[in-house]
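Engineer: only geometry, no sequence info:
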């Protein structure tokens with residue numbers, strides 16, 4: 001997965017649009033943050049006033065005055081409590097909604113990426129980015145504007161109040177703050193790098209676990225549990241080492257913050273005491289000063305502690321954008337046309353994968369008439385599967401073009417093109433769910449009767465009904481509860497339900513036993529009637545009745561004709577058939 005370094009400013013700029021839908025919630029959240037801040041900042045002024053009266057005008061410190069002060073404080077606490085509840089509840093829900101929106105956008109974008117992206121990227125890494133990487137977005141989205149706003153407000157208001165109490169003491173305190181920030185920022189950069197590495201390694205662990213568990217039958221059949229454990233432990237220990245360094249930098253960060261807390265308190269106490277001796281400040285002002293400085297330090301400490309969450313959020317956003325910035329190689333034109341069935345023509349088609357210079361297909365020219373059955377045979381690496389993958393635009397041609405009814409497939413909408421092409425592969429993928437859900441995937445919204453008819457056409461109805469729950473039977477992850485032949489018939493039923501005019505059969509029976517192959521082959525013959533069919537086959541007995549057989553090698557189409565014509569030529573096809 002290609003990665004690029006993104007600055008904090010750039011990440012925040014890209015993240016800000018996600019606040020747009022919730023701007024009024026954010027405004028109310030910040031308003032509540034302002035109310036809690038005001039409530040907190042008024043308290044030192046109350047203490048200052050009480051202390052001043054006690055020190056200079058004790059007769060004014062009446063029970064009536066104390067009652068008013070108490071009532072004011074109760075009102076402030078009620079306002080503060082309500083505001084805090086809104087921030088803790090609605091603010092967090094806003095963050096969760098933004099996380100949900102980002103996850104929606106990420107999954108939607110992943111659906112648009114081409115085959116090549118998934119051949120180069122580990123699924124475990126993608127899973128980490130769409131799940132755990134976005135978990136911290138909730139806290140970040142809510143607390144980031146809130147904490148910065150509160151701290152900024154407290155710093156500004158505290159500075160204004162304190163400088164009116166004593167200018168020299170205020171300047172001493174606010175000269176220490178920049179030094180504290182500079183020292184803390186040094187650790188922040190290292191923390192972000194460590195958190196980023198931690199996220200990457202989490203993805204690697206996910207990928208390794210997925211690979212091992214999905215291949216658990218192979219693992220057990222070779223008794224290689226110890227090898228898998230060793231591989232996992234290696235990745236797990238690497239994750240530990242990364243986390244160890246992350247916590248080292250985090251400890252340094254928090255230690256620095258605590259040290260400067262002490263320095264600031266020491267400065268207030270010593271300098272304040274000196275100013276009292278010199279008569280430049282009274283006890284009431286010093287007490288208020290200490291309370292404001294304590295509030296200010298607590299706020300800065302909270303902000304500094306939030307830096308850990310901030311860095312996690314930045315890492316999550318960065319890894320989110322790394323996928324969002326991947327452009328799909330298959331681009332649909334804005335004025336894309338709808339699919340129309342017709343002859344399929346390959347015109348000087350050349351193709352090579354992006355990471356390879358060598359062509360898989362070179363200057364291929366051929367025409368397939370509507371309703372024709374075309375078989376592709378030849379040695380491995382000849383480009384048979386690649387050629388078929390070009391028709392639904394799983395990959396785009398490197399040069400030349402493919403047309404259907406005279407229209408370049410690059411000018412067609414992807415949905416209309418792919419909706420009219422059915423693919424039955426050797427490696428059947430069934431989704432975790434019921435048999436009904438897997439067949440109905442071929443036509444979303446299909447009725448039960450339509451699903452049953454498709455299953456009958458595929459020769460699957462009989463074995464489905466014999467299952468305890470019939471069409472509601474759970475197939476297990478990747479259809480693990482079914483045999484190879486049963487899975488293949490369900491996949492054929494899915495294509496029957498889709499009812500496409502173009503059909504691609506990619507070695508659909510090569511992994512089946514003889515009995516299952518006969519049943520599936522009959523299903524495929526029913527499926528192929530009236531359609532344009534491309535069949536990739538190693539068992540040449542299954543394609544003897546094809547209208548045209550193409551023998552593909554690394555040199556292109558070496559031979560072309562019917563089964564009988566190619567046997568008479570006594571060339572590559574005859575050699576393969578005799579084998």
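Structural biologist: Arrived safely, thanks for sending. Quantities reported herein were computed from a predicted structural model and do not represent experimental measurements.
Engineer: burial count for residue 179?
Structural biologist: When counting by other Cβ atoms under 10 Å, one arrives at 11 neighbours for residue 179. To be clear about C-beta, it is placed using only N, CA and C from the backbone, and glycine gets the same treatment.
Engineer: in which helix or strand would I find it?
Structural biologist: Assigned by DSSP states H and E, residue 179 belongs to helix 167-214.
Engineer: State the mean pLDDT of that helix.
Structural biologist: Across helix 167-214, the average pLDDT comes to 78.
Engineer: Who are the packing partners of that helix?
Structural biologist: Judged by 3 or more Cβ pairs under 8 Å, 6 or more residues apart in numbering; DSSP states H and E, the packing partners of helix 167-214 are helix 123-130, helix 132-135, helix 137-165, helix 225-278, helix 283-324.
Engineer: Also compute the angle for that helix relative to helix 225-278, please.
Structural biologist: For helix 167-214 against helix 225-278, the angle by axes from the mean of the first three to the mean of the last three Cα atoms, to 10 degrees is 170 degrees.
Engineer: one step back: in TSV, list the helices and strands packed on helix 167-214 along with distance to residue 114 and mean neighbour count.
Structural biologist: Output for the helices and strands packed on helix 167-214, formatted as TSV (distance: least, Cβ to Cβ, whole Å; neighbours: other Cβ atoms under 10 Å):
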stretch	distance to residue 114	mean neighbour count
helix 123-130	14	19
helix 132-135	22	19
helix 137-165	27	18
helix 225-278	29	15
helix 283-324	14	20
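Engineer: export the ones you listed to a markdown table and tack on distance to residue 354?
Structural biologist: Below are the helices and strands packed on helix 167-214 laid out as a markdown table (distance: least, Cβ to Cβ, whole Å):
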| stretch | distance to residue 354 |
| --- | --- |
| helix 123-130 | 19 |
| helix 132-135 | 26 |
| helix 137-165 | 32 |
| helix 225-278 | 29 |
| helix 283-324 | 18 |
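Engineer: Of those helices, which is nearest residue 195?
Structural biologist: Among the helices and strands packed on helix 167-214, helix 283-324 comes nearest to residue 195, with 4.6 Å by Cβ to Cβ.
Engineer: any idea of the mean pLDDT for the helix or strand following that closest one?
Structural biologist: Using DSSP H and E, the helix or strand that follows helix 283-324 in sequence is strand 344-351. For strand 344-351, mean pLDDT rounds to 90.
Engineer: same thing with stretch 61-71?
Structural biologist: For stretch 61-71, the mean pLDDT works out to 83.
Engineer: quick one: contacts for the closest residue to residue 83 other than its chain neighbours?
Structural biologist: Leaving aside its sequence neighbours, residue 83 sits nearest to residue 32 (Cβ to Cβ, 6 or more residues apart in numbering; 3.8 Å). Residue 32 sits next to 82, 83, 84, 86, 87, 91 when contact means Cβ atoms under 8 Å, 6 or more residues apart in numbering.
Engineer: switch to 6 Å and redo it
Structural biologist: Residues in contact with residue 32 (Cβ atoms under 6 Å, 6 or more residues apart in numbering) are 83, 86, 87.
Engineer: so the regular element (helix or strand) spanning it versus helix 137-165, what angle?
Structural biologist: Taking DSSP H and E as the criterion, residue 32 maps to helix 23-56. Interaxial angle of helix 23-56 relative to helix 137-165 (the same axes, to 10 degrees): 30 degrees.
Engineer: what's the following helix or strand after helix 23-56?
Structural biologist: helix 63-86.
Engineer: re the thing from before, minimum distance to residue 490: which of the helices and strands packed on helix 167-214 has it?
Structural biologist: helix 123-130 (23.0 Å).
Engineer: what residues does that closest one touch?
Structural biologist: Contacts of helix 123-130 (Cβ under 6 Å, 6+ apart): 106, 202, 203, 206, 207, 210, 319, 323.
Engineer: now that we have those residues, which one has the most neighbours?
Structural biologist: Neighbour counts for these (other Cβ under 10 Å) peak at residue 319, which has 25 neighbours.
Engineer: Output the below-cut-off pLDDT ranges for the protein.
Structural biologist: 1-5, 214, 217-218, 220-222, 304-305, 308, 355-356, 477-479, 508-517 (pLDDT under 70).
Engineer: So which residue is smack in the middle of it?
Structural biologist: Central residue of the chain (Cα atoms, centre = their mean): residue 130, 2.7 Å from the mean position.
Engineer: Now do the helix holding residue 32 against helix 63-86, angle only.
Structural biologist: Using the same axes, to 10 degrees: helix 23-56 against helix 63-86 is 160 degrees.
Engineer: before we move on, the earlier item: relative to residue 426, which of the helices and strands packed on helix 167-214 is closest?
Structural biologist: When these are compared (using Cβ to Cβ), the closest one is helix 123-130, at 20.1 Å.
Engineer: Which residue is the nearest non-sequential neighbour of residue 386?
Structural biologist: residue 360 (4.9 Å).
Engineer: Revised request: answer the last question for residue 268.
Structural biologist: Residue 268 sits nearest to residue 293 (Cβ to Cβ, 6+ apart), 5.0 Å away.
Engineer: between the contacts of helix 123-130, which is nearest residue 310?
Structural biologist: residue 319 (15.2 Å).
Engineer: returning to what we had before: could you export the contacts of residue 32 as a markdown table, including neighbour count and distance to residue 414?
Structural biologist: Listed next are the contacts of residue 32 as a markdown table, based on neighbours: other Cβ atoms under 10 Å; distance: Cβ to Cβ, whole Å:
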| residue | neighbour count | distance to residue 414 |
| --- | --- | --- |
| 83 | 21 | 50 |
| 86 | 18 | 45 |
| 87 | 22 | 45 |
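Engineer: for those, which one is nearest residue 507?
Structural biologist: Closest to residue 507, out of all of these and judged by Cβ to Cβ, is residue 87, at 59.7 Å.
Engineer: and residue 37, how many residues sit next to it?
Structural biologist: Residue 37: 21 neighbours (other Cβ under 10 Å).
Engineer: Correct me if wrong: it contacts residue 153.
Structural biologist: Yes. Judged on Cβ atoms under 6 Å, residue 37 makes contact with residue 153 at a distance of 5.0 Å.
Engineer: ok, now how distant is the residue sitting furthest away from the middle of the chain from residue 53?
Structural biologist: Of all residues in the chain, residue 59 has its C-alpha farthest from the mean position, at 68.2 Å, by Cα atoms, centre = their mean. Using Cβ to Cβ, to the nearest Å, we find residue 59 at a distance of 9 Å from residue 53.
Engineer: Then residue 203?
Structural biologist: 63 Å.
Engineer: For residue 455, list the residues it contacts.
Structural biologist: The neighbours of residue 455, taking Cβ under 6 Å, 6+ apart as the test, are 461, 464, 493.
Engineer: Can you tell me which of those residues end up in helices?
Structural biologist: In this view, those that belong to helices under DSSP state H are 461, 464, 493.
Engineer: need these in TSV with neighbour count and distance to residue 73, can you?
Structural biologist: Output for these, formatted as TSV (neighbours: other Cβ under 10 Å; distance: Cβ to Cβ, whole Å):
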residue	neighbour count	distance to residue 73
461	19	77
464	25	73
493	29	73
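Engineer: so residue 315 touches residue 194, yeah?
Structural biologist: No. Residue 315 is not in contact with residue 194 according to Cβ under 6 Å; the separation is 9.4 Å.
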